[in-house]
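Peer 1: Need coordinates for the following:
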Amino acid sequence: MLRELGDPRTIAATALREAGPHPAGAGHPSAGPAVPPPAGPGYAPGGPARRGGRERISPWCAVVLLAVASPLSLVAPVLLTGVVRIAGVVMLWLTPSWPVGRRWIATLVTVLVIAVPNTIALLTDVSGMGAPGIAALTVAQFVVPLAVSVWLWRTARRPESGPAA
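Peer 2: Now for the predicted structure:
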C-alpha cells in the first residue's frame, strides 16, 4: 500500500508546495512571533489542548454503547451487535474519563463475557447443561455488560464545573 502512495519525501514536498510558502508558520523565522497558548478558565497547562481533542467525547457514549450491545442482540443481527460493541470499546478508549486500568477491565470483561459462554456453548453439548446452565450463560451475557456499564458510569471522571453564578 505504501508503494502505491509513493515516496514519503515526494508526498511531503507536494504537501508543502500546495500549502504555500509557510504552511503553518510555526517555528519559521519569517512567521513572526509565536502565538501564546490560550489562558483562562478551562485552559490549564496539560489540559484539553494537550489530549488531542479527546475532551469532546462524552463518557455516556461508551457507557450506552456497551450497555445496549447485549440486549440489542435479541432483535438485531450479530454483525450489528458486534459493531455496536466494538464502537463502545473504541469510545471507552477515546474518552479520558477513566484511567487505563479501568479501561482494560471493562474491555476484557466486555469481550470475555461474550466469548467464554459462546465458546462453552460451541464446545459442549448445551442440551446436557440443562435449563439452569443455559439460563446462567444467558444471564451472564446480559447482566455482566450492564453491570460494567453502570460501574463505568459511576466511576467516570466528570469535568469540574465552575462556581455557580
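Peer 1: what's the closest residue to W151 other than its chain neighbours in contact with, if anything?
Peer 2: Once flanking residues are discounted, W151 sits nearest to A106: 7.7 Å by Cβ to Cβ, 6 or more residues apart in numbering. Where C-beta positions appear, they are placed from N, C-alpha and C, glycine not excepted. A106 is in contact with L66, V89, L92, W98, V148, W151, L152, counting by Cβ atoms under 8 Å, 6 or more residues apart in numbering.
Peer 1: Dump the residues you listed to TSV, plus secondary structure, pLDDT and distance to S127.
Peer 2: Below are the contacts of A106 laid out as TSV (DSSP: H, G, I helix; E, B strand; the rest coil; pLDDT from 0 to 100; distance: Cβ to Cβ, whole Å):
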residue	secondary structure	pLDDT	distance to S127
L66	helix	88	31
V89	helix	92	33
L92	helix	91	36
W98	coil	91	41
V148	helix	89	30
W151	helix	91	34
L152	helix	91	36
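Peer 1: Any quick ChimeraX command for the buried ones out of these?
Peer 2: For the buried members of those, the matching ChimeraX selection, counting by 16 or more other Cβ atoms under 10 Å, is:
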select :66,89,92,98,148,152
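Peer 1: Farthest pair within the contacts of A106?
Peer 2: V89 and W151 (14.9 Å; Cβ to Cβ).
Peer 1: if I pick the most centrally placed residue in the chain, what's in contact with it?
Peer 2: Closest to where the C-alpha atoms of the chain average out (Cα atoms, centre = their mean) is M91, at 2.2 Å. Taking Cβ under 8 Å, 6+ apart, we find M91 in contact with I57, C61, A62, L65.
Peer 1: Identify each buried residue in whichever strand or helix holds G130, please.
Peer 2: Using DSSP states H and E, G130 maps to helix 126-155. Within helix 126-155, the residues that count as buried by 16+ other Cβ under 10 Å are L137, Q141, V144, P145, V148, S149, L152, W153.
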